[in-house]
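J.: here you go, sequence then predicted model.
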Amino acid sequence: MSSATPQTLDLPDGDVLFFPAFFPEADADRLLQRLLDTTDWRQDRTTIYGREVELPRLTAWYGDAGTGYRYSGIDNVPLPWTPVLLEVKRAVEPACGVAFNSVLLNRYRTGRDSVGWHSDDEPVFGANPLIGSVSFGGTRTFQFRHKKLRTERRAVELTHGSLLVMRGATQHHWLHQIPKTAKPVAERLNLTFRVVVAPA
Ligand SMILES: O=C(O)CCC(=O)C(=O)O
Ligand SMILES: [Mn+2]
């Protein structure tokens with residue numbers, strides 16, 4: 001596994017590193033296929049303005065026992081780590097400088113799948129959450145928007161095998177999203193490794 005030197009994103013009040021090709025292509029291809037085959041994908045639903053809707057993506061939670069918590073009205077009881085998830089986790093931990101105990105997987109089947117503006121600032125992730133975000137498959141645009149400084153926006157193309165590390169005060173000051181796209185894009189998987197500090 002290679003990690004090379006990361007790019008530092010210039011985010012006021014934020015601290016974000018980006019490794020565009022953290023996993024060599026052959027490893028990324030193999031990991032993508034294994035993750036597609038061995039993950040227990042689910043279609044979650046959430047309530048928006050009193051109406052039940054399907055999330056525009058498939059998801060799965062894995063982690064140490066006891067790292068479950070409630071997220072957007074959904075109870076997340078993690079499944080036990082699979083060998084491929086442990087392989088990815090061990091590869092990214094040295095670059096992130098932490099030991100993760102949970103991961104959320106998102107599967108964007110087409111350009112119509114997305115995740116809306118949010119920050120990962122739930123109290124279970126502690127005061128300054130460190131999130132290691134690994135992408136496999138089709139490239140999608142990851143957008144940042146500052147919560148108060150309205151003109152401050154950034155975008156990163158999350159390529160196959162890339163690692164994005166968000167740390168420090170980033171979640172306090174910035175929102176992020178993966179917008180829908182009308183461009184033809186290959187299926188994409190994203191894994192956000194997290195540290196749950198106050199397990200339920
Ligand atoms: O798919 C991505 O790159 C981002 C996913 C995300 O922000 C999340 O699950 O919290
Ligand atoms: Mn997020």
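T.: Structure received. Ligands and ions are numbered 1, 2, ... in the order given.
J.: make it CA atoms for all contacts and neighbour counts henceforth
T.: Fine.
J.: contact partners for residue 163?
T.: Residues near residue 163 by C-alpha atoms under 8 Å, 6 or more residues apart in numbering: 18-22, 92, 132-135.
J.: for the buried ones among those, write the corresponding ChimeraX selection.
T.: Here is the ChimeraX command that selects the buried residues among those (16 or more other C-alpha atoms under 10 Å):
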select :18,19,20,21,22,92,132,133,134,135
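J.: for the contacts of residue 163, work out which two are farthest apart.
T.: The span of the contacts of residue 163, defined through C-alpha to C-alpha, is set by 21 and 132 at 14.1 Å.
J.: got the phi and psi for the residue of the chain most remote from its centre?
T.: For the chain, the largest distance from the centre (C-alpha atoms, centre = their mean) belongs to residue 50, which lies 26.9 Å off. Dihedral pair for residue 50: phi 80, psi 0, per degrees, to the nearest 10.
J.: just the one 3 residues further on next, same as before
T.: With angles defined as degrees, to the nearest 10, residue 53 shows backbone torsions of phi -130, psi 150.
J.: count of neighbours near it?
T.: For residue 53, the count of nearby residues is 11 (other C-alpha atoms under 10 Å).
J.: that one pairs with what?
T.: In this structure, residue 53 bridges to residue 46 when assessed by DSSP bridges.
J.: A strand includes residue 16, no?
T.: Yes - under DSSP: H, G, I helix; E, B strand; the rest coil, residue 16 sits within a strand.
J.: any stretches of this structure with poor pLDDT?
T.: 1-3, 70-74, 199-200 (pLDDT under 70).
J.: so residue 173 touches residue 11, yeah?
T.: No - shown here, residue 173 and residue 11 do not form a contact pair, counting by C-alpha atoms under 8 Å, at 9.7 Å.
J.: find residues that contact each of these two.
T.: With C-alpha under 8 Å, 6+ apart applied, the contact sets of residue 173 and residue 11 do not overlap.
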